[in-house]
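Undergrad: dropping a prediction and its sequence here:
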Amino acid sequence: MKKSLLALAVLGAFAGAAQAQSSVTIYGIVDTGIAYSSKVTGAPGGGTGSKFGLNSGVIQGSRLGFKGVEDLGGGLSAVFNLEAGFTNDDGGLQGSDNVTTSNLFRRKSVVGLAGGFGTVLLGRQTDFADTLSAYTSINDFGGVVSNSGSGLSRLQGTRTNNSINYTTTNLSGFTGNLIYGFGETAGKTSAGQSFGIGGKYDNGPLGLGINYYQSKAGATPSDTSLIPVTAVGTTPAATNVYTNAANIGSSAQKVLNVVASYQFGPARVYANYSRVKQDLNTIGTAGFTSARTLGASKKADMYEVGTSYALSPSLKLMAAVDHTRADIDGSGTKGKLTQISLGADYWLSKRTDLYAFVSNMRATDMINPGVTGGSTGSDASQTAIITGIRHKF
């Protein structure tokens, strides 16, 4: 009897050790807000009108994720992360971005190794601009500030398919990153490929970061921002400028991000600059620029300043100003977007918060994409008021 008990105890110890060496975590975010937007196009009878709606993923995209780690010994671990996005206002899955008929894990799908050398991940993932967004207004306002520029500058988190990503360990405050995406085109390695290099430095209250990302046109571009963009005004059928045979292997997007943040006690102040060049967006590309949108610009410069102030451990006030100047080929004038955002975030617990935002976006010499409820059309101002709840698990 004693031998049997001893054997069970030994087996239990081994089982506990095995469990401690490997783990899988299920996590997620459910974020939903009620939004009012003024001057949205599509009103009955034409023109614009006010719009009310229930929006999913106001600050952060609603998601369900799985991540795990297995200790392989010697300081080496196997890691994976699968993350699906969903729209909890209607229960829908954020399915396809035209890569496949559906992208179950469209937010992230990676597997790799981690150790003293850093982390290597393979799959579908964001580049380092997504990491640097923690130093910007995205940390406070999330998707509310996307349309004024950060959605194009990759700070909101744009995916790279078929990619290898290497991140160093923290080296006295510095962390570096490299990413490469395969275009997977026979006979032409440059077709659809992408690559990026970035780094950040954290020293107490100071945070600094820089990132550069470049992607090229191809039939199967690794940069997902190149997949859905279609030429405007082409007849009889639209032609994707990034898969056009004449453009294969040509640089389609070049993005530079420079960010800085400093914590003064309860107050955080930050500023950043991004430049996006899209060389293929020319007036000769089948009318691509006939719609004066930010996405159709040939070059865009984006500036941001902002602050957040913790009135208490539970309540934070935020403010940000975003300004973008866009060159649209053949227009002769610079289009401008200016967004001013104010907000408050109140944490009911460590996992649940209530938020309220008011934001105004003004456009000059280009189409106003709107804050969150839809475009206003040309040269117009839109104000949005949003209040909602976010829960993390």
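TA: Structure's in. What do you need?
Undergrad: and Phe117, how many neighbours does it have?
TA: Here the number of neighbours of Phe117 (other C-beta atoms under 10 Å) works out to 12. Quick note: C-beta positions are derived from backbone N, CA and C, even for glycine.
Undergrad: list the contacts for it?
TA: Contacts for Phe117 (C-beta atoms under 8 Å, 6 or more residues apart in numbering) come out as Thr168, Thr169.
Undergrad: for the stretch 101-250 of the chain, which segments count as strands?
TA: 108-115, 118-126, 159-167, 174-181, 194-203, 206-216 (DSSP state E, counting those that start in this stretch).
Undergrad: packing partners for the fourth one?
TA: Applying 3 or more C-beta pairs under 8 Å, 6 or more residues apart in numbering; DSSP states H and E, we find strand 174-181 packed against strand 159-167, strand 194-203, strand 206-216.
Undergrad: redo those strands as JSON lines? Include mean pLDDT, mean neighbour count and distance to Leu226.
TA: Shown next, in JSON lines, are these (pLDDT from 0 to 100; neighbours: other C-beta atoms under 10 Å; distance: least, C-beta to C-beta, whole Å):
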{"stretch": "strand 159-167", "mean pLDDT": "97", "mean neighbour count": "22", "distance to Leu226": "10"}
{"stretch": "strand 194-203", "mean pLDDT": "98", "mean neighbour count": "19", "distance to Leu226": "9"}
{"stretch": "strand 206-216", "mean pLDDT": "98", "mean neighbour count": "21", "distance to Leu226": "6"}
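Undergrad: any chance of those strands in a markdown table, plus distance to Phe182?
TA: Converted to a markdown table, the helices and strands packed on strand 174-181 look like this (distance: least, C-beta to C-beta, whole Å):
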| stretch | distance to Phe182 |
| --- | --- |
| strand 159-167 | 4 |
| strand 194-203 | 9 |
| strand 206-216 | 11 |
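Undergrad: Thr372 contacts Asn55, correct?
TA: Yes: Thr372 sits in contact with Asn55 when judged by C-beta atoms under 8 Å, with a separation of 6.1 Å.
Undergrad: joint contacts of these two?
TA: The contact lists of Thr372 and Asn55 share Ala35, Ile386, where a contact means C-beta under 8 Å, 6+ apart.
Undergrad: looking at those two, which one has more neighbours?
TA: Comparing Thr372 with Asn55 by other C-beta under 10 Å, the one with more neighbours is Thr372, at 26 against 20.
Undergrad: need the contact list for the more buried one.
TA: Applying C-beta under 8 Å, 6+ apart, the residues near Thr372 are Ala35, Ser37, Asn55, Val58, Gly143, Val144, Asn147, Ala384, Ile386.
Undergrad: distance-wise, check Gln21 relative to Ser56.
TA: 37 Å (C-beta to C-beta, to the nearest Å).
Undergrad: repeat that for Val258.
TA: As defined by C-beta to C-beta, Val258 lies at a distance of 31 Å from Ser56.
Undergrad: higher neighbour count, the two?
TA: The neighbour comparison of Val258 against Ser56 (other C-beta under 10 Å) goes to Ser56, with 21 against 15.
Undergrad: what count of nearby residues applies to Ser314?
TA: 12.
Undergrad: hang on, isn't it packed against Asp345?
TA: No: checked against C-beta under 8 Å, the pair Ser314 and Asp345 is beyond contact range at 9.1 Å.
Undergrad: all helices of this structure, in order?
TA: Using DSSP state H, the helices found in the chain span residues 2-21, 129-132, 138-141.
Undergrad: weakest of the ones you listed by average pLDDT?
TA: Among the helices of the chain, helix 2-21 carries the lowest mean pLDDT, a mean of 46.
Undergrad: before we move on, back to that, nearest to Lys298, of the helices and strands packed on strand 174-181?
TA: Closest approach to Lys298 among those (C-beta to C-beta): strand 206-216, 15.5 Å.
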